[in-house]
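Asks: quick one, what's the 3D model for this:
(chains A and B)
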Amino acid sequence: MKAPPFTYIKPTTIDSCLQLLAEHGDEAQVIAGGQSLMPLLNLRLAAPSLLIDINGLGELRGIDHEQGCVRIGALERHADIARSETVRQAVPLLAAAAPHIAHVAVRERGTIGGSLALADPAAEWPAGCLALGAIVELTSTRGVRQVMAEDFFQGIYETVRQADELLTAVRFPLAGASGEDVFAFDELARRRGDFAIAGLALTARRAGKALGEVRLAFFGVADRPLLARGAMSAIEGRTLDDVAISAAAAALAGELDPPEDPAYPAAYRRRIAGVLLTRTLKRLSLEAQHGA
Amino acid sequence: MEPDSDRRIVLIVNDEEVRAEVPVRRNLVDFLRQDLGLTGTHIGCEAGACGACTVLVDGRLARACLMLAVQADRATIETIEGADASGRIAELQAAFHRLNALQCGYCTPAMLLTAAELLRANPSPSRAEVRDWISGNFCRCTGYQAIVDAVMAVAEGEAAT
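Replies: Numbers count the residues shown, from 1 in each chain, chains lettered A, B, ... in the order given. Model prediction:
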């Protein structure tokens, strides 16, 4: 099908873009990579009267070290984030997550800002942001605000972003020097590139055989990415032995309440989430034992 | 600056400059096929899933059904016609032919462009890596095995006869 009629504008400055959003926010849609918006338009599931193309806004690009964090501009493409040396060194969880996003052509145009603003519950970046304690930057004519990832996602395709706000960047705080950074990412989808049945993103610091400062986010199992706080408590500061891993899996089963859906029953998603967690923790445990 | 319903665009398509005025809601694949007569790029789903519309935009694989023609203003586009004319996919084309990696041919232009980018990024992929890479290109005819065979044959340097 073809998209319904709309008008189109491509601002050349952030300020003019923000003015447009202030004026037209409710009937306008921002188009960045278009990899989610264009299917919605072509399937006529969305009908904005105005498209605001932000691809010309250079200030929205960049993968850079700032004080104590890595800043990724909203317009950075998934493929470029995956290829970035800065990301591979400082935020390797993102490089591990990227190959799971859709397919190669989609990754070459889709953007991290678009993914976060869309907030699909089965998407990879939102869960990665939760695990990394990321901070989302929202900008409007009213000013700039920084929102913690765990406060940003509100529901299916729902975030705290107001209609006049542009998601301009996301920042990933870097840990201090003590201890060793540990990360893990895993996802199960029926075919490569399909929406996740369930997935997890984990960050922690290794101290001997134990993991501390564990952040464990799941996606595909709720209406938004979730921090699995029960599972996190079960392993925080404890040696990753079979007892701890079982406790974590049990805690996870208790705290997940996936929606029923005809393709994948809630019980199945809950089970798969548990399998992914167990596999991940066992692998991390082996790595700790072998000093990997 | 006011919103437009039509816009003038200038772009390079297969090494030639193109100037056109297009409705803003026309997508790139329709522009290539209808306005420029470049029908080698196909439309399968118009939702970004099937990959039949794949072209190169500024050197990167892109779903032409998920771009507006106006977004290609000042861009450099290569379609299957351009890749064919350049000779850069000749080995892949010969291998596809020799190993029966196409039947109806609908997915084939996109498969060729996609496979060529894999071999550019990774000249010695494994079969698993080939499958992964072409996972966004659907084929209803061949069952993919012959396509993987053809890409591997080129990767492994077997000259097509």
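
Asks: at the contact with chain B, which residues of the stretch 51-200 of chain A appear?
Replies: Listed as neighbours of chain B in the stretch 51-200 of chain A under the rule Cβ under 8 Å from any Cβ of the partner chain: A:51, A:53, A:55, A:79, A:99, A:102-106, A:108-109, A:191-193. Heads up, the C-betas are built off the backbone N, CA and C, glycines and all.

Asks: same thing but 7 Å
Replies: Within the stretch 51-200 of chain A, the positions near chain B by Cβ under 7 Å from any Cβ of the partner chain are A:53, A:55, A:102-106, A:108-109, A:191-193.

Asks: quick one: the strands in chain A, in order.
Replies: Using DSSP state E, the strands of chain A run over A:7-9, A:28-31, A:50-53, A:63-66, A:69-73, A:135-140, A:143-148, A:153-155, A:158-159, A:166-173, A:180-188, A:198-207, A:210-219, A:226-227.

Asks: let me fix that, I meant to ask about chain B.
Replies: Taking DSSP E, the strands of chain B run over residues B:6-13, B:16-23, B:54-57, B:60-63, B:76-78.

Asks: got JSON lines for these, with mean neighbour count, mean pLDDT and distance to chain A too?
Replies: Below are those laid out as JSON lines (neighbours: other Cβ atoms under 10 Å in any protein chain shown; pLDDT from 0 to 100; distance: least, Cβ to the nearest Cβ, whole Å):
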{"stretch": "strand B:6-13", "mean neighbour count": "16", "mean pLDDT": "98", "distance to chain A": "7"}
{"stretch": "strand B:16-23", "mean neighbour count": "13", "mean pLDDT": "98", "distance to chain A": "8"}
{"stretch": "strand B:54-57", "mean neighbour count": "26", "mean pLDDT": "98", "distance to chain A": "5"}
{"stretch": "strand B:60-63", "mean neighbour count": "26", "mean pLDDT": "98", "distance to chain A": "4"}
{"stretch": "strand B:76-78", "mean neighbour count": "20", "mean pLDDT": "98", "distance to chain A": "13"}
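
Asks: restricted to buried residues, select the residues of the stretch 51-200 of chain A next to chain B in ChimeraX.
Replies: Buried members of these, defined by 16 or more other Cβ atoms under 10 Å in any protein chain shown, are picked up in ChimeraX with:
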select /A:53,55,102,103,104,105,106,108,109,192,193
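
Asks: can I get the residues of the stretch 51-200 of chain A next to chain B in a markdown table including pLDDT?
Replies: Formatted as a markdown table, those follow (pLDDT from 0 to 100):
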| residue | pLDDT |
| --- | --- |
| A:53 | 98 |
| A:55 | 98 |
| A:102 | 96 |
| A:103 | 97 |
| A:104 | 97 |
| A:105 | 98 |
| A:106 | 98 |
| A:108 | 98 |
| A:109 | 98 |
| A:191 | 91 |
| A:192 | 88 |
| A:193 | 90 |
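
Asks: now whatever residue of chain B ends up closest to chain A: closest residue in space, sequence neighbours ignored.
Replies: Of all residues in chain B, the one sitting closest to chain A is residue B:136 (2.5 Å; Cβ to the nearest Cβ). Nearest residue to residue B:136, sequence neighbours excluded (Cβ to Cβ, 6 or more residues apart in numbering or on different chains): residue A:103, at 2.5 Å.

Asks: what sits against the one you found?
Replies: Neighbour list for residue A:103: A:193, B:51, B:135-136 [criterion: Cβ atoms under 7 Å, 6 or more residues apart in numbering or on different chains].

Asks: mind listing the helices for chain B?
Replies: Ranges of helices in chain B, per DSSP state H, are B:28-30, B:80-86, B:90-98, B:108-121, B:127-133, B:145-155.

Asks: for chain B, what is the nearest residue in chain A?
Replies: Distances between chain A and chain B by Cβ to the nearest Cβ are smallest at residue A:103, namely 2.5 Å.

Asks: from residue B:135, how far out is that residue?
Replies: The gap separating residue A:103 from residue B:135 is 6 Å, by Cβ to Cβ, to the nearest Å.

Asks: quick check: neighbours shared by the two?
Replies: Jointly contacting residue A:103 and residue B:135 under the rule Cβ under 7 Å, 6+ apart are residue A:193.

Asks: on the pLDDT front, check the residue of chain B closest to chain A for me.
Replies: pLDDT for residue B:136: 97.

Asks: surely it is in contact with residue A:107?
Replies: No: here residue B:136 does not reach residue A:107: they are 9.2 Å apart, not a contact under Cβ atoms under 7 Å.

Asks: still on that earlier bit, farthest-apart pair in the residues of the stretch 51-200 of chain A next to chain B, please.
Replies: A:53 and A:191 (31.6 Å; Cβ to Cβ).

Asks: who are the packing partners of whichever helix in chain A runs longest?
Replies: In chain A, assigned by DSSP H, the helix with the most residues is helix A:266-289. Here helix A:266-289 touches strand A:180-188, strand A:198-207, helix A:242-255, going by 3 or more Cβ pairs under 7 Å, 6 or more residues apart in numbering or on different chains; DSSP states H and E.

Asks: what angle do the longest one and helix A:266-289 make?
Replies: This means helix A:242-255. 150 degrees (axes from the mean of the first three to the mean of the last three Cα atoms, to 10 degrees).

Asks: what's helix A:242-255 packed up against?
Replies: Against helix A:242-255 (3+ Cβ pairs under 7 Å, 6+ apart) you get helix A:229-235, helix A:266-289.

Asks: next one: the second one
Replies: Where contact means 3+ Cβ pairs under 7 Å, 6+ apart, strand A:198-207 is packed against helix A:92-97, helix A:124-132, strand A:180-188, strand A:210-219, helix A:266-289.

Asks: how about the CA coordinates for that strand, as CSV?
Replies: Provided in CSV are the C-alpha atoms of strand A:198-207 (Å, rounded to 0.1, in the frame of the first residue of the first chain):
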residue,chain,number,x,y,z
ALA,A,198,12.5,-12.9,24.8
GLY,A,199,15.9,-11.3,25.3
LEU,A,200,18.2,-10.0,28.0
ALA,A,201,20.9,-7.4,28.5
LEU,A,202,23.1,-7.6,31.5
THR,A,203,25.9,-5.5,32.9
ALA,A,204,27.8,-6.1,36.1
ARG,A,205,31.2,-5.7,37.7
ARG,A,206,33.1,-8.9,38.5
ALA,A,207,34.7,-9.2,41.9
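
Asks: nearest residue to residue A:185 other than its sequence neighbours?
Replies: Counting by Cβ to Cβ, 6+ apart, the residue nearest residue A:185 is residue A:96, at 4.1 Å.

Asks: can you read off the pLDDT for the one you found?
Replies: Confidence score, pLDDT, at residue A:96: 97.

Asks: returning to what we had before: just the residues of the stretch 51-200 of chain A next to chain B: which are in helices?
Replies: Under the assignment DSSP H, these contribute A:104-106, A:108-109 to helices.

Asks: can you list those residues in CSV and add distance to residue A:274?
Replies: CSV is the format used below for those (distance: Cβ to Cβ, whole Å):
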residue, distance to residue A:274
A:104, 31
A:105, 33
A:106, 29
A:108, 34
A:109, 35
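
Asks: from those, which is closest to residue B:11?
Replies: residue A:109 (16.0 Å).
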